[in-house]
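K.L.:
sharing a sequence plus its predicted fold:
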Amino acid sequence: MTDITTQTAPPARTERGALGRLLRRPLALLGLALILLIVGSAIAAPWLVSYPPDQQNFDGLTLEGAPLPPGGPWLMGTDLLGRDLFSRLLYGARTSLIIGILANGIAVGLGTVVGLTAGWVRGWTGNLLMRFTDLMMAFPALLLAICLAAIFKPSLWIVALVIAMVNWVQTARVVYTETTALTERDFIAAERTLGASGARILWHHLLPHLWPTIIVWATLGISTTVLLEATLSYLGVGVQPPTPSWGNIIFENQTYFQSAPWLVFIPGAAILLLALAFNLVGDALREVLDPTQRGQR
Amino acid sequence: MSEPVLSVRDLTVAVDTETGPKPLVSDLSFKLARGETLCIAGESGSGKSITSLAVMGLLPPGVKVDSGRIELAGEDLTRLPERRMRAIRGDRIAMIFQEPMTSLNPVLTIGNQLAEAIRAHDPDADAKALALEALRAVRLSQPERRMGQYPHELSGGMRQRVMIAMALALKPDVLIADEPTTALDVTVQREVLDLLRDLQRETGTAIVLITHDMGVVAEMADRVIVMQSGRMVEAAPVERIFSAPEQPYTRALLAAVPRMGDGSGAAPVAAAPIAVLRDLRVRYDIHGGLLGRTTHRVHAVEHVSFDIRAGETFSLVGESGCGKSTIARAITGLVPHRGLIEVAGHKVPEDGLSASPALRRDVQMVFQDPAAALNPRKRVGDLVAEPLVIHRIGTPAERRARVRDLFNRVGLSGEQIDRYPHEFSGGQRQRICIARALALQPKLIVADESVSALDVSVQAKVLDLLAELKSEFGISYLFISHDMAVVENISDRIAVMYLGQIVEMGSRAQIFGNPRHPYTRRLIEAVPVPDPAHLRPPAPRMATEVPSPVWPVGEGPARVSLQDAGGGHLVAAE
């Protein structure tokens, strides 16, 4: 009998690594370039700026004591104390990047571990973990952060840790739900009948399916963590002045928004660009890592 | 021939792709007369469902009618605006879908849904009364009570009856039934087909029946259209299609259909058992009440005992919910059980999880849906190598060579091992699953409905492959299926299950040649016969409730005792 349904196989493709495929997407390239630009200028800050970030410049204010708008020697203007905003923004990028990447990374990592464990083990342990997650979710995050920050002496690293402690719960919930759904799928049952160990199923078969979720939460979380740090700074339990961070630049200056809009607008735009850059890369990464999406674009 | 109700002329439906429109249906023409049943037969991807959606004006986004006309009583439906089309849909053309559970709204009562469908087209009608009348027409037991029930409270067959009631409540000119019985058990399929035929006789509705099952075609059709890759291959009255098919494709399709014979064939092998099941019980607790105590139990499998001999195919048949898949899952250690299961001398632990690696090597499973059983994010070569990696067999290079061998053995090319599962067709995917199951050279392969999701021609080839592998490697199969014709074609011995217990067990000749238990007889009689000349004795046509396997704690179903009717043919005592 002739083969009447077997479809012809698609023509062989040139295989590329994940990175190669990522680099072929213009939007991903744009995101990567933005991230490199921000990280690079944060690292190279001492060589790029003409004034230290916390130096109150005598000529940085008008005669009436108002901050100067962008122009002249002040690339981005000056703030209320006559400090160079460009310099503060670059040094602030160091703080914000550490918070945004480190704190958020810990949060997403912790959430993934908790969610995955609870979803895989289920039963008594799983219930305990998830009820604890619910408890953390119900607890006002800001209050918790204030308590933790008040107990420890506020510093950049403590703030990062506090934010991680507050932010892991959403990831845990989402990862838990996906894991429970995945464990019901036939290919996991097939894996069990082959005699695969729990660790193997978790690492090789469940985790790859969770990457899209994890990437989305990780990229979305960056802007929220940067803003949470700003909130903490505003309440006096975040990064301590005069150390700049994008968040505390906004909060220091927000009351003067009408007379000196650049003081809020520029750091705000920086946060937006950083979040956008990570979202673009994350989105592309999600598609590149999913083999079922390939050849459909 | 009288004036056609529906006529389709040169219909071409295309989907937009990057490389321009790609036709899904090309130049299809047919006419449908009043009271006639037209069957559109074909395998997946042949465009039969797209045709029905085009007639309904329900094509998915990106798919549109390119050219041609669809005329309902002289009016071209392809040119009607959506608002006018809505009035025609349900009123003059109605449709029933394959899966009755997903087509009914789970949060509305049956009565409400029916009444709403009627009111949508006739706001002044006494919708409740009409709905009740419609439920009576489809012969549902206790129609008054059904009106207040929700879809999940009804069985699959009853739900499909409700769908039919809804479709026919407004006495449409044309009823389109897209695989209406594919998701149903064979006895229920029988009831639904009989019902459709009775209703057609009473109302004169013309039916377009879309199906892949040539048995259903033979029973229902007046005329048949065979489709392949969007084109009409052959159109003829049903008798001619079956007695003198003209096109090679039609002949191939008919040849692939498993047919039931008289049960004759090779005598069952007499060898030592490879798997022993004794007094197997699987029960699921249902928790309830304030304290979450166990209040009820689902008695999924009750006191099942049988042996599978080395080198034989042992089949479990029965309808959905009879516990046959649960047995498969118990043997492979996926569900905890009570009682004894021993495979190749290794005992399956009662919790299932702590099964020894040696046992895992000897028992492998092939699942129903190959798309679901293959991890979509892994290359197929890695998936087939997975058991070798888990059991630490060979070096990476040796494994790769072994995977290539396995691919060649199951009829795939070794070149394909770096592809992903979604790049293969359904039949190819099932071959990959079989290759994975073979990797450890098991003694027993549990095939749980492994060919049910495949097209007939593919199904026939996968069954051939299984038979070859059996003679080549001396593997035994536990074959689980609801399809009596397939079971008859491949089994050495068969057990028939009903509500968690075995009601009849014996060789193929004993079960099909001399079925003793009434349930076995009903199953065999219900199978559609791919022969339009076949006459069927009339049967009762009421839908009744299926008994439930759920019992309060401490109670349970009466235990069936099997008695030997001669030659190892075990039958439940009445």
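P.N.:
Structure received. Numbers count the residues shown, from 1 in each chain, chains lettered A, B, ... in the order given.
K.L.:
go ahead and list the helix or strand containing the closest residue to B:Ser481 other than its chain neighbours.
P.N.:
Spatial nearest neighbour of B:Ser481, chain neighbours left out: B:Val487 (5.2 Å); criterion: C-beta to C-beta, 6 or more residues apart in numbering or on different chains. Yep, even glycine has a C-beta here, placed from its N, CA and C like the rest. Using DSSP states H and E, B:Val487 sits in helix B:484-490.
K.L.:
helices or strands next to whichever helix or strand comes after that helix in the packing?
P.N.:
Downstream of helix B:484-490, the first helix or strand assigned by DSSP H and E is strand B:493-498. Packed against strand B:493-498, as judged by 3 or more C-beta pairs under 8 Å, 6 or more residues apart in numbering or on different chains; DSSP states H and E, are the following elements: strand B:293-309, strand B:313-317, strand B:501-507, helix B:518-526.
K.L.:
CA atoms of strand B:493-498 as PDB?
P.N.:
What follows is strand B:493-498 as a C-alpha-only set of coordinates in PDB (Å, rounded to 0.1, in the frame of the first residue of the first chain):
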ATOM      1  CA  ARG B 493      -6.000 -13.700  24.100                       C
ATOM      2  CA  ILE B 494      -8.500 -11.200  25.200                       C
ATOM      3  CA  ALA B 495     -10.100 -10.100  28.500                       C
ATOM      4  CA  VAL B 496     -13.300  -8.000  28.400                       C
ATOM      5  CA  MET B 497     -13.700  -5.600  31.300                       C
ATOM      6  CA  TYR B 498     -16.800  -4.000  32.700                       C
END
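K.L.:
count the neighbours of the nearest residue to A:Gly195 once chain neighbours are set aside for me.
P.N.:
Distance criterion C-beta to C-beta, 6+ apart; nearest residue to A:Gly195, sequence neighbours excluded, is B:Arg360 at 3.2 Å. Residues contacting B:Arg360 under the criterion other C-beta atoms under 10 Å in any protein chain shown number 22.
K.L.:
okay, and B:Arg360 sits in which element?
P.N.:
B:Arg360 belongs to helix B:357-362, assigned by DSSP H and E.
K.L.:
can you tell if the helix or strand following that helix touches chain A?
P.N.:
Following helix B:357-362 in sequence order, the next helix or strand is strand B:363-366 (DSSP H and E). Yes - Strand B:363-366 lies within reach of chain A by C-beta under 8 Å from any C-beta of the partner chain, at B:Val363, B:Gln364, B:Met365.
K.L.:
and which of those residues is nearest to A:Ile271?
P.N.:
The nearest member of the residues of strand B:363-366 next to chain A to A:Ile271, counting by C-beta to C-beta, is B:Met365 at 52.0 Å.
K.L.:
can you pull the phi/psi pair for B:Arg58?
P.N.:
Careful, residue B:58 is Leu and not Arg. Here is the backbone geometry of B:Leu58 (degrees, to the nearest 10): phi -120, psi 30.
K.L.:
burial measure for it, as a count.
P.N.:
11.
K.L.:
ok, it - contacts?
P.N.:
B:Arg89, B:Met95 (C-beta atoms under 8 Å, 6 or more residues apart in numbering or on different chains).
K.L.:
please tell me how far it sits from chain A.
P.N.:
For B:Leu58, the distance to chain A equals 24 Å [C-beta to the nearest C-beta, to the nearest Å].
K.L.:
residue in chain B nearest to chain A?
P.N.:
Chain A sits closest to B:Arg360 of chain B, with a gap of 3.2 Å, by C-beta to the nearest C-beta.
K.L.:
my guess is A:Leu228 contacts A:Ala145, does it?
P.N.:
Yes - contact criterion C-beta atoms under 8 Å: A:Leu228 and A:Ala145 qualify, at 7.3 Å.
K.L.:
which ones are touching B:Gly288?
P.N.:
B:Gly288 neighbours (C-beta under 8 Å, 6+ apart): B:Thr295, B:His296.
K.L.:
mind doing that once more with 7 Å?
P.N.:
B:Thr295 (C-beta atoms under 7 Å, 6 or more residues apart in numbering or on different chains).
K.L.:
quick one: B:Gly215 from B:Ala221, how far?
P.N.:
According to C-beta to C-beta, to the nearest Å, B:Gly215 stands 11 Å off from B:Ala221.
K.L.:
now swap in A:Val39 and tell me
P.N.:
Taking C-beta to C-beta, one finds A:Val39 at 69 Å from B:Ala221.
K.L.:
quick one, which of these two is more surrounded?
P.N.:
Between A:Val39 and B:Ala221, counting by other C-beta under 10 Å, B:Ala221 is the more crowded of the two (25 against 15).
K.L.:
quick check: phi and psi on the nearest residue to the more buried one once chain neighbours are set aside?
P.N.:
Nearest residue to B:Ala221 in three dimensions, chain neighbours excluded: B:Cys39, at 3.8 Å (C-beta to C-beta, 6+ apart). For B:Cys39, the backbone dihedrals (degrees, to the nearest 10) come out as phi -100, psi 130.
K.L.:
how about A:Ser41?
P.N.:
phi -70, psi -30.
K.L.:
which residues sit in contact with it?
P.N.:
Here A:Ser41 is in contact with A:Leu48, A:Leu90, A:Ala93 (C-beta under 7 Å, 6+ apart).
K.L.:
can you flag which of the residues you listed belong to strands?
P.N.:
Judged by DSSP state E, the contacts of A:Ser41 include no members of strands.
K.L.:
for the residue in the stretch 101-250 of chain A that chain B sits nearest to, grab the count of nearby residues.
P.N.:
Nearest residue of the stretch 101-250 of chain A to chain B (C-beta to the nearest C-beta) works out as A:Gly195 at 3.2 Å. When counting by other C-beta under 10 Å, one arrives at 20 neighbours for A:Gly195.
K.L.:
next one: A:Ala181
P.N.:
11.
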